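1. coords please:
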Amino acid sequence: STIVCPEVGSCDALGVYPSSNFPQDEGFIEVLSEGEWIPTAVPLPTGVTASDPRWLNAINCPSASSCVAVGYYDTSDDNGLIDTLSGGSWTSTEAPLPANAGLELSPPRWGSDFGSVACLAAGSCVATGYYYDTSDYQQGTIDTLSGGSWTATEAPLPANAKLTNSHLGPITCQAGGSCIATGEYVDTSSDEQYLIETLSGGNWTPTEAPLPTNASNNQIPWGPLQGPSTVCPTIGSCVAGGDYYDASNDIQPLIESQSGQASGG
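-> Next comes the predicted model:
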């Protein structure tokens, strides 16, 4: 489903294969090294039953020897998954969630999934996804790797957010600690809005993405901004692609562009 090549002759690909052990396809990792492709089953956190299904959605490799892949595994409820390649071996951990994550007796999550990850360098990464809070509302989450540990932050939302349904999708980061993540949320009028999260100076700032003047009641097709992840040639200059409903309720292509400060449509 996705592939990265941090160096010539060194690539890592994510995919699925039909497995007799699971009702659905099982995730795996293909690693190209010294001219050979080597398949590896997606590892699971310590203590998780080896027969539990697992899938990876995104991978980022700052070098041939350092990669982070994110997704989820299924133990009757979805759990966020982070797999890390270091020292030639893959290790796995359950993605941490914000303090207001919903709790069940077993497992201790209503459900979570991570769909994008960006790494500034080995040991410095940011992953985005969603989780369910104690009110059973879906919220965006930002997990950050620093100093060898992952920490979770509930994605902040604009002032007009209804706080009932939001999530984050693609993320891109640059040297200097600058990141842009895109997603969606529902506003107080129950309209769906695109969300742009900007990391600068250590703080995340949410912005409602502008839509063209012919947008229909600011409704958008629910789902992450489509197409390639947000691209930022330089800090403060980014482009993201998606779509929206026009006044005739037809889906139209959308380009959000940033230059100096957020602009678009």
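
2. hmm, who's touching stretch 28-41?
-> Contacts of stretch 28-41 with the rest of the structure, by CB atoms under 8 Å, 6 or more residues apart in numbering, involve 5, 9-17, 26-27, 42, 56, 59, 64, 69, 83, 90. C-beta: built from backbone N, CA, C; applies to glycine.

3. of those, buried ones?
-> 10-16, 26-27, 42, 56, 59, 64, 69, 83, 90 (16 or more other CB atoms under 10 Å).

4. Can you pick out the most distant pair from these?
-> In terms of CB to CB, the buried ones among the contacts of stretch 28-41 reach their longest pairwise distance at Glu26 and Ala64, which sit 25.4 Å apart.

5. Asn100 reaches Leu163, doesn't it?
-> No - with contacts defined as CB atoms under 8 Å, Asn100 does not count as touching Leu163, sitting 11.0 Å away.

6. Residues that sit against both of the two, list them.
-> Common neighbours of Asn100 and Leu163 (CB under 8 Å, 6+ apart) are Gln139.

7. so what secondary structure elements neighbour the longest strand belonging to the chain?
-> Among the elements of the chain assigned as strand by DSSP state E, the one spanning the most residues is strand 161-174. Under the contact criterion of 3 or more CB pairs under 8 Å, 6 or more residues apart in numbering; DSSP states H and E, the helices and strands touching strand 161-174 comprise strand 112-121, strand 124-132, strand 138-146, strand 178-187, strand 192-200, strand 231-234.

8. and it, C-alpha only, in PDB?
-> In PDB, the C-alpha atoms belonging to strand 161-174 read as follows (Å, rounded to 0.1, in the frame of the first residue of the first chain):
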ATOM      1  CA  ALA A 161     -15.700  23.100  16.900                       C
ATOM      2  CA  LYS A 162     -18.500  21.000  18.200                       C
ATOM      3  CA  LEU A 163     -16.100  18.500  19.900                       C
ATOM      4  CA  THR A 164     -18.000  15.500  18.800                       C
ATOM      5  CA  ASN A 165     -16.200  14.100  15.800                       C
ATOM      6  CA  SER A 166     -12.700  14.900  14.500                       C
ATOM      7  CA  HIS A 167      -9.600  13.200  13.300                       C
ATOM      8  CA  LEU A 168      -6.200  13.800  11.800                       C
ATOM      9  CA  GLY A 169      -4.700  12.400   8.600                       C
ATOM     10  CA  PRO A 170      -1.600  13.200   6.600                       C
ATOM     11  CA  ILE A 171       1.400  15.000   8.400                       C
ATOM     12  CA  THR A 172       4.600  16.400   7.100                       C
ATOM     13  CA  CYS A 173       7.500  17.800   9.200                       C
ATOM     14  CA  GLN A 174      10.700  19.800   8.400                       C
END
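
9. Report the buried residues of that strand.
-> Of the residues in strand 161-174, 161-162, 165-174 count as buried by neighbour count, 16+ other CB under 10 Å.

10. Can you list the low-confidence ranges for the chain?
-> Applying pLDDT under 70 to the chain flags residues 21-24, 50-51, 76, 103-110, 218, 222-229, 260-265.

11. hmm, try it at 50
-> By pLDDT under 50, the weakly predicted segments of the chain are 105-109, 224-228, 262-265.

12. burial count for Thr198?
-> 18 (other CB atoms under 10 Å).

13. picking that back up, winner for burial among the helices and strands packed on strand 161-174?
-> Among those, strand 124-132 has the highest mean neighbour count (mean count of other CB atoms under 10 Å), at a mean of 25.
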